[in-house]
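Q: below is the sequence, then the predicted model.
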Amino acid sequence: MNRQMVLVGFLQAQNCTNLPSSWRHPDSRDDSMSADYYQEIAKILEAGKFHMAFFDDRLAMPDRYGNDHAHTVEYGIRCVKMDPLIVLTTMGMVTDKLGLGATCSTTYYEPFDVARRFATLDLMSGGRAGWNVVTSLNDGEALNMGRDSHPEHDSRYDKADEFMEVVLGHWDTWEDGALIMDKKSGRFADPTKVKRLDHKGPAFKSRGPFTVPRSQQGHPVIIQAGASGRGQRFAGRWGEVIFTAARNLAAAKEGYAAVRNQAAKAGRDPEQMFLCNLTTPVCAATKAEAEDKMALINKLPLQIDALSLLAEALNYDFASKDLDEPLTTDELKSMQGILGIRDGVLKNSGKSNPSARDFVTFSGRGQVQDAMVGGPKEIADRLEEMFVERGCDGLVIAATYVPGSYADFVQHVVPELQRRGLFQKEYRGKTLRENLGLKRPAAGAWKVQPRDAAE
């Protein structure tokens, strides 16, 4: 079969999409704290044969700007943040094939807890779960989780490597065929096929035995989004679906090659991973109609949206500087979180010491300046180029208003991609791995990777 795209719906369990102004759109539903809101999205995505619905997450509302949450609450800048796994469960109840992915931090949770949550979702959904592995971003999250400050960037990834070993180790401790369920003999499972992990490492200790058997797909799909050099090494070692955010084809191709190279260095098959680039389509039946939609969307963002999200993502208070005052080299070095944003601003602005306004202009945070606007042909042409030229293996579709953006894409663009043979017309199987074309992992398969692959 010819290579085909992976499509992922990018969601937030909050009052807005990743675009904070989306709740201000006149056609956005205003009941984002209801199950029906997310269930409608799930039905739309499954009707469009999307591989997965995916939830980003943070453990704090954006309050790094001015070290205050008042602006976040007043302007609805991602101030509501619900537990995405519970929301996903409601979506799984109204779908049969759609993958269910969510973010959970390795910095502020225990490995056993994360392993059990996602293994349970995997069983309850018939093998459709995916875990997005993140190391969290900022001091707000640290303070909510009982810490004084957020750990340094690279040290978080060092800890995350061990976290992965513990989670995968627990997922491996129930062998296939362990369940017997013989009522006559009274034997439920074979104890020789259920092991204890007994992990003792620098950051974690976890005994076991694990309490959830393996699912139809073996274990949840591992999702990652590392953008920095250290993040790319982590993604190459562990990620099966990897989210990228390249703003043009050249940058996408560069990142695509880099992550696949890291996977090869880690002893993995790069063909058993899918890099999906974040895309914000604004589409309609015609280009003119799409441009009218974009004109309305462009009126929604506020400057405070971008400043708030930049402060959150880089763990740096942009309110501490005048908007046009250049940041010092030390201030740039002090930034944490998503360092790919900082590095992108340095590269795209051409300035070694950009200002806060430059960060707003060149980061794209809180804005829709990189939206793909057009009718079915215009959007499909651009997605096809990115895909065929190996800038990605698929797309993460972000919404400008809900649920209309997803419905527009499914109605107008999906049929065109299918007509070109670029996207599936039917699901391949029942589990997320089957639908992605990923092999079902054998217990312990991850251990063959070089131990220093991500160091």
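A: Right, received. Where do you want to start? Numbering: from 1, shown residues only.
Q: show me where the stretch 51-200 of the chain dips below the pLDDT cut-off.
A: Low-confidence segments of the stretch 51-200 of the chain (pLDDT under 70): 137, 153.
Q: now the helix or strand hosting G9: mean pLDDT?
A: Element membership of G9 [criterion: DSSP states H and E] is strand 6-12. In this model, strand 6-12 has an average pLDDT of 97.
Q: mind giving me the packing neighbours of that strand?
A: Judged by 3 or more Cβ pairs under 8 Å, 6 or more residues apart in numbering; DSSP states H and E, strand 6-12 is in contact with helix 35-47, strand 52-56, strand 241-244, strand 274-279, strand 394-397. No exception for glycine: its C-beta is placed from N, CA and C like everyone else's.
Q: ok, residues contacting that strand?
A: Residues from elsewhere that reach strand 6-12 (Cβ atoms under 8 Å, 6 or more residues apart in numbering): 17-18, 38, 41, 45, 48-57, 78, 84, 101, 241, 243, 274, 276, 278, 393-399, 406, 414, 423, 436.
Q: if I take that strand and helix 35-47, what angle do their directions form?
A: Relative orientation of strand 6-12 versus helix 35-47 (axes from the mean of the first three to the mean of the last three Cα atoms, to 10 degrees): 170 degrees.
Q: strands of the chain, residue ranges please.
A: Applying DSSP state E to the chain gives strands spanning 6-12, 52-56, 99-105, 129-134, 179-182, 187-189, 199-200, 205-206, 221-224, 241-244, 274-279, 281-283, 372-374, 394-397.
Q: which residues does the fourth one contact?
A: With contact meaning Cβ under 8 Å, 6+ apart, strand 129-134 is reached by 52, 54-57, 99-107, 114, 118-119, 121-122, 160, 163-164, 215, 220-225, 234, 238-239, 241, 243, 432.
Q: send me it as CSV with only the CA atoms.
A: Below are the C-alpha coordinates for strand 129-134, written out as CSV (Å, rounded to 0.1, in the frame of the first residue of the first chain):
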residue,chain,number,x,y,z
ALA,A,129,-4.7,4.7,24.1
GLY,A,130,-1.6,6.8,23.5
TRP,A,131,0.5,8.6,26.1
ASN,A,132,2.2,11.9,25.3
VAL,A,133,5.4,12.0,27.4
VAL,A,134,6.3,15.5,28.6
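Q: burial of the closest residue to P376 other than its chain neighbours, as a residue count?
A: Nearest residue to P376, sequence neighbours excluded (Cβ to Cβ, 6 or more residues apart in numbering): E416, at 4.1 Å. Around E416 there are 20 other residues, counting by other Cβ atoms under 10 Å.
Q: follow-up on the earlier one: let me have the strands of the chain in a markdown table, extended by distance to Q303 and mean neighbour count.
A: As requested, the strands of the chain are exported to a markdown table (distance: least, Cβ to Cβ, whole Å; neighbours: other Cβ atoms under 10 Å):
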| stretch | distance to Q303 | mean neighbour count |
| --- | --- | --- |
| strand 6-12 | 21 | 26 |
| strand 52-56 | 22 | 26 |
| strand 99-105 | 27 | 26 |
| strand 129-134 | 27 | 25 |
| strand 179-182 | 57 | 12 |
| strand 187-189 | 59 | 13 |
| strand 199-200 | 47 | 13 |
| strand 205-206 | 46 | 16 |
| strand 221-224 | 31 | 26 |
| strand 241-244 | 26 | 27 |
| strand 274-279 | 22 | 24 |
| strand 281-283 | 21 | 26 |
| strand 372-374 | 22 | 22 |
| strand 394-397 | 26 | 25 |
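Q: looking at these, which is nearest to W446?
A: strand 221-224 (9.2 Å; Cβ to Cβ).
Q: counting by contacts, list what the closest one packs against.
A: If contacts are counted by 3+ Cβ pairs under 8 Å, 6+ apart, strand 221-224 sits against strand 99-105, strand 129-134, helix 229-238, strand 241-244, helix 432-436.
Q: what residues sit buried inside the longest helix along the chain?
A: Counting residues, the longest helix in the chain under DSSP state H turns out to be helix 153-171. Neighbour counts over helix 153-171 (16 or more other Cβ atoms under 10 Å) mark 153, 156-171 as buried.
Q: before we move on, what about stretch 410-417?
A: Those would be V410, Q411, H412, V413, V414, E416, L417, for stretch 410-417 by 16+ other Cβ under 10 Å.
Q: can you get me the centre-to-centre distance for that stretch and its chain?
A: Centroid displacement of stretch 410-417 relative to its chain, using Cα atoms, centre = their mean, to the nearest Å, is 23 Å.
Q: now stretch 383-399
A: 15 Å.
Q: now do stretch 393-406
A: Centre-to-centre, stretch 393-406 and its host chain are 13 Å apart (Cα atoms, centre = their mean).
Q: CA-only coordinates of it in PDB, if you can.
A: The C-alpha trace of stretch 393-406 is given here as PDB (Å, rounded to 0.1, in the frame of the first residue of the first chain):
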ATOM      1  CA  ASP A 393       4.300  11.700   8.000                       C
ATOM      2  CA  GLY A 394       1.100  13.300   8.900                       C
ATOM      3  CA  LEU A 395      -0.600  16.400  10.400                       C
ATOM      4  CA  VAL A 396      -1.800  17.500  13.800                       C
ATOM      5  CA  ILE A 397      -4.900  19.600  13.000                       C
ATOM      6  CA  ALA A 398      -5.500  22.500  15.300                       C
ATOM      7  CA  ALA A 399      -8.800  24.300  15.500                       C
ATOM      8  CA  THR A 400      -9.600  28.000  15.400                       C
ATOM      9  CA  TYR A 401     -13.100  27.500  16.700                       C
ATOM     10  CA  VAL A 402     -14.900  24.400  18.000                       C
ATOM     11  CA  PRO A 403     -16.300  22.200  16.700                       C
ATOM     12  CA  GLY A 404     -16.600  24.000  13.300                       C
ATOM     13  CA  SER A 405     -12.900  23.900  12.400                       C
ATOM     14  CA  TYR A 406     -12.800  20.100  12.600                       C
END
